[in-house]
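Engineer: predicted coordinates and the sequence they were generated for:
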Protein chains: 4
Amino acid sequence: MNVSSNTTVAVSGPPQAPDGPAADSPPSYWSTSVSRVAPTKVFIRGYDLEDMIGKIPFAASTFLLLRGRLPSPAEARLLDTVLSAILDYSLQKSGTVAARYVASANPNMAAALATGILGVGKNTMDPAGTARFCIDAYARYEASKKPAKVFAGEIVAELREKKQRIPGLGHPVFRYVDPRAQKLRDSAVAAGIWGPRAEFFEEIFRAFTRLPGKDSIVLNDIGMMALVLVEMGFTPEETTGLAILSTLPGVIAHVTEELREGRPIRTVPEGTADYDMSEKNFNKDWSEAGWVAE
Amino acid sequence: MNVSSNTTVAVSGPPQAPDGPAADSPPSYWSTSVSRVAPTKVFIRGYDLEDMIGKIPFAASTFLLLRGRLPSPAEARLLDTVLSAILDYSLQKSGTVAARYVASANPNMAAALATGILGVGKNTMDPAGTARFCIDAYARYEASKKPAKVFAGEIVAELREKKQRIPGLGHPVFRYVDPRAQKLRDSAVAAGIWGPRAEFFEEIFRAFTRLPGKDSIVLNDIGMMALVLVEMGFTPEETTGLAILSTLPGVIAHVTEELREGRPIRTVPEGTADYDMSEKNFNKDWSEAGWVAE
Amino acid sequence: MNVSSNTTVAVSGPPQAPDGPAADSPPSYWSTSVSRVAPTKVFIRGYDLEDMIGKIPFAASTFLLLRGRLPSPAEARLLDTVLSAILDYSLQKSGTVAARYVASANPNMAAALATGILGVGKNTMDPAGTARFCIDAYARYEASKKPAKVFAGEIVAELREKKQRIPGLGHPVFRYVDPRAQKLRDSAVAAGIWGPRAEFFEEIFRAFTRLPGKDSIVLNDIGMMALVLVEMGFTPEETTGLAILSTLPGVIAHVTEELREGRPIRTVPEGTADYDMSEKNFNKDWSEAGWVAE
Amino acid sequence: MNVSSNTTVAVSGPPQAPDGPAADSPPSYWSTSVSRVAPTKVFIRGYDLEDMIGKIPFAASTFLLLRGRLPSPAEARLLDTVLSAILDYSLQKSGTVAARYVASANPNMAAALATGILGVGKNTMDPAGTARFCIDAYARYEASKKPAKVFAGEIVAELREKKQRIPGLGHPVFRYVDPRAQKLRDSAVAAGIWGPRAEFFEEIFRAFTRLPGKDSIVLNDIGMMALVLVEMGFTPEETTGLAILSTLPGVIAHVTEELREGRPIRTVPEGTADYDMSEKNFNKDWSEAGWVAE
């Protein structure tokens, strides 16, 4: 990597070599290789944006921005499929409902979208847990030198003993197979991007479904999204980012619908809340708590 | 103000005078007088934090941070009263409900509180509109040299013609008087901080209630909060900040309740949503839109 | 604890017809036509998600979610181009820098992306102002029955008198033409989607550049994004959402870089801030402000 | 549009008793005891807000909202002291700098404050880790029946072996004692609220400082805040909320300063960033990646 400081104010010290900072110059506070803004050009991972506009599809740009290299057409198409695999989950997604509440009080698209994003976390919509589990389990498997089926069984047994969940499994409705996950897997196989880490995760999944009463548990869509993205080379944190990206159009659509409906200041629907009805005497309790009237 | 650069790397140029930057030194990128972190001390608006801890109440610290000077006891007490005048509005506040939705998906206090804050805006909980209106109307009144009652009537007539609302008025339930606003006003009067801008706003309010059918409209709590804060010298933007501060403890309480309840991934309550039930044929419409199968 | 429901409307009543609410049933609290989650299917604007996965590109899904109908291939390709037209603006975008600061303190992808989004607003990255201006100006032009060039000149004169800015114009570096905007315009023309509202905005732009000293001012990339999206039928609020979507991959890349670098708790770079250096005597000022020691 | 309700549970049934739900009625979707909005009253934890305004200080209201009971004057004063113990950390706090960046692009107080809050997390400003550690360690100590000094030594040895940090210790500048933490501890002792969990944490702290080279490590301000709040009965999540509340006035002050300064669209200061300067040939790499020109 050919890195050079953009220092433009004179600082004391030896002159910088033209091709980079002098060996003993302190590193700058910030450092980035994502993009660079030159006087009349923007470089995206080293490529002139002007050359790219109109040629490179959004999914390919996204791949380039994150991974630092141009994807093959198959990689770009698969990432596009991943981004289109969930789309929206109507009012059954907490973050979307939260975004509509915020829009009804503060009719501002950016505030509402930020809210939708904050509703992605430990409990839902986040492939990072599965991605991390998949990467770690495969590393342990490789080090183990044991047959995949044997080692997968050991991992399941170990998790059961620790009473820990396997991420990426289970769905409120689907049994045996989650058809959306299946479609996603088919696309990855067709693109030649399905690989050993995803396969070992499936080995673990199969070991799990051999447990009594677990045979109908599915590998769900968020779990499959994690496997495909891991095989494409993304980090767990990046899988969170891509999952957020993939559901943003749906949140935009919901916020637009909310703004158009124009119902100001949503609260909870009539008849859906229980309130503590107790009434207490403030003045009595206040003086009993030791406060004297001013 | 005695300002000096914290420059610690040698930059070329004449040595700085001890009492400030040399006349020709460029201003730094950042500049602040809110606080300063010295090697073993923190200065808050110039005061050593160590001297303050345990002596200065939170409302007085807040006043100091925003206004740059220590408040009188009366000022601090009145600000404390303003911060305690609304407290919480249960599940009838959009931002609070949004915060609980976010917490159910992403069980993280900071994310949920940020959401609660994003639910403060044009439609609710924001005194800035009233504060701005109050300041502007008073400035026009002062310039007009007319009697208050006359000019207030002109302003009301003008707004009616433009079909514009007067901010700070109206409440879904209260008629004639909002008792919480009345208490707040009493506190401001008792503190000797009720002044001409608030009084002229009340003149406008009275002119408005003389209109046919408007006699029961109240000056509401957020409106009164704005008037009191304007008289204390806060800017409209600061009144937004203080309103947010005042409702944060309630949001913390709701988020704690939500986290304790531990209901994962809230959606909308059963039976409260209508969904568009239409079903369309994707493959047919896809090819009719001009797409050819790959 | 004495808990009671806040139910205040009668919820019993005539049974609902199987194919929809009875004619006199009250509307539900929520209503959406974006998507619907059925027991084993998800419908996106009426289409079965399973039919779509692997077939419909992300930009086409985005169009469908927002507009409620499938796009033509030309429309989908143009939207994809719009989403890829800006990509990233390195450390010259406030929201991106803010996102990196947040990630250094709170290493959480969702929190950092929400921050990046909150950095889109009045001053930058928001096409909504141009979109609204373009739509309004065209409506007035149509009503005026005047020649485009004449009416565009009148609008410019009117704005100058009111000292108002025309949104979408100007760039810190580009003169006469913004090459990225030009590429975007070319794509829209090639797709057959360039239309009368965009053209009338350009008429206004030309009238503006005929003013003395304004001839080198450009129609910038955010402005052009607005024009193209307006011609595709998006609302101003939707253009904000799409602009946010388009820059999200860049923010993900920056946050990933920040998390990988792992510099905890970023502050401002050494030597870039001026602090108010005044020191005051707390105890003296505190008692002078009227406080007595406890 | 063919719209139908998703009502799936029977909502008719036996009439509710006037003073509460019938014994067999299903629980409502929402349930809260924080506050209740009645037609002309607001009840805060059962107390009529009107009785409270002007009497109960903000810190006492905060205590009531979170803990569900009125505090004693000593408890309220101590909570007020905790809220005033940190106040602001100038431009050395990531969240504050992030908030100013957001305000420079999107001049909106709520968006900027939400950003400031999102900058509280694992790496900084969050007492929850210490609070959780303190509660857990004390529970283990109680179960152990061992002398405090012995068991504290065992915990330190155990953490060292696992190479885990003890939260709440260490400061970039302070050695031996953090004077702000000391003041806070003095206030808690004076209020009679310093107790066994805080004391056992100090036992652990002392065991740690007996390790070679660790004698000058301090118990820092955020750690002490955690100990005091734990002794007051707050949960770890609530300590996060209260820490956020305590620094919000400082963030409001910084955002106000930023809005007043009016510098639009902050980027990174000149000369503080290194950019990857490599330039690549898009058209060449694009076709080498397997893409064919359209």
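Structural biologist: Everything's here; your move.
Engineer: can you say which helix or strand has residue A:42 in it?
Structural biologist: strand A:41-44 (DSSP states H and E).
Engineer: contact partners of stretch A:281-294?
Structural biologist: D:47-48, D:51-52, D:55-56, D:70-74 (C-beta atoms under 8 Å, 6 or more residues apart in numbering or on different chains). Any C-beta I mention is one placed from the backbone N, CA and C, and that applies to glycine too.
Engineer: so for that stretch, what gets flagged as buried?
Structural biologist: A:282, A:286, A:289, A:291 (16 or more other C-beta atoms under 10 Å in any protein chain shown).
Engineer: now do the contacts for residue A:77.
Structural biologist: A:59, A:187, A:191.
Engineer: which of the contacts of stretch A:281-294 fall in strands?
Structural biologist: In this view, these that belong to strands under DSSP state E are D:47-48.
Engineer: buried subset of the contacts of stretch A:281-294, written for ChimeraX?
Structural biologist: To isolate the buried ones among the contacts of stretch A:281-294 in ChimeraX, judged by 16+ other C-beta under 10 Å, type:
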select /D:47,48,51,52,55,56,70,71,72
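Engineer: tell me which residues touch the nearest residue in space to residue A:74 that is not next to it in sequence, please.
Structural biologist: Of all residues not flanking residue A:74 in the chain, residue A:191 sits nearest, at 4.4 Å (C-beta to C-beta, 6 or more residues apart in numbering or on different chains). Taking C-beta under 8 Å, 6+ apart, we find residue A:191 in contact with A:74-75, A:77-78.
Engineer: the longest helix seen in chain A near chain C at all?
Structural biologist: Longest helix of chain A, by residue count under DSSP state H: helix A:236-261. Yes: applying C-beta under 8 Å from any C-beta of the partner chain, one finds helix A:236-261 touching chain C at A:237-238, A:240-242, A:244-246, A:248-250, A:252-257, A:259, A:261.
Engineer: mind checking which of the residues you listed are buried?
Structural biologist: A:237-238, A:240-242, A:244-246, A:248-250, A:252-257, A:259.
Engineer: re the thing from before, out of the contacts of stretch A:281-294, which two sit at the greatest distance?
Structural biologist: Farthest-apart pair in the contacts of stretch A:281-294 is D:48 and D:74; separation 24.9 Å (C-beta to C-beta).
Engineer: name the element the residue of the stretch 101-250 of chain A found nearest chain D belongs to?
Structural biologist: For the stretch 101-250 of chain A, the residue closest to chain D is residue A:111, as judged by C-beta to the nearest C-beta, at 6.2 Å. According to DSSP H and E, residue A:111 maps onto helix A:109-118.
Engineer: which other helices and strands contact that helix?
Structural biologist: helix A:94-105, helix A:236-261, helix B:94-105, helix B:109-118, helix C:109-118, helix C:236-261, helix D:109-118 (3 or more C-beta pairs under 8 Å, 6 or more residues apart in numbering or on different chains; DSSP states H and E).
Engineer: export those helices to JSON lines and tack on mean pLDDT?
Structural biologist: JSON lines is the format used below for those (pLDDT from 0 to 100):
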{"stretch": "helix A:94-105", "mean pLDDT": "97"}
{"stretch": "helix A:236-261", "mean pLDDT": "97"}
{"stretch": "helix B:94-105", "mean pLDDT": "97"}
{"stretch": "helix B:109-118", "mean pLDDT": "98"}
{"stretch": "helix C:109-118", "mean pLDDT": "98"}
{"stretch": "helix C:236-261", "mean pLDDT": "97"}
{"stretch": "helix D:109-118", "mean pLDDT": "98"}
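Engineer: can you tell me which of those helices is nearest to residue C:161?
Structural biologist: In terms of C-beta to C-beta, the element of the helices and strands packed on helix A:109-118 nearest to residue C:161 is helix C:236-261, at 24.6 Å.
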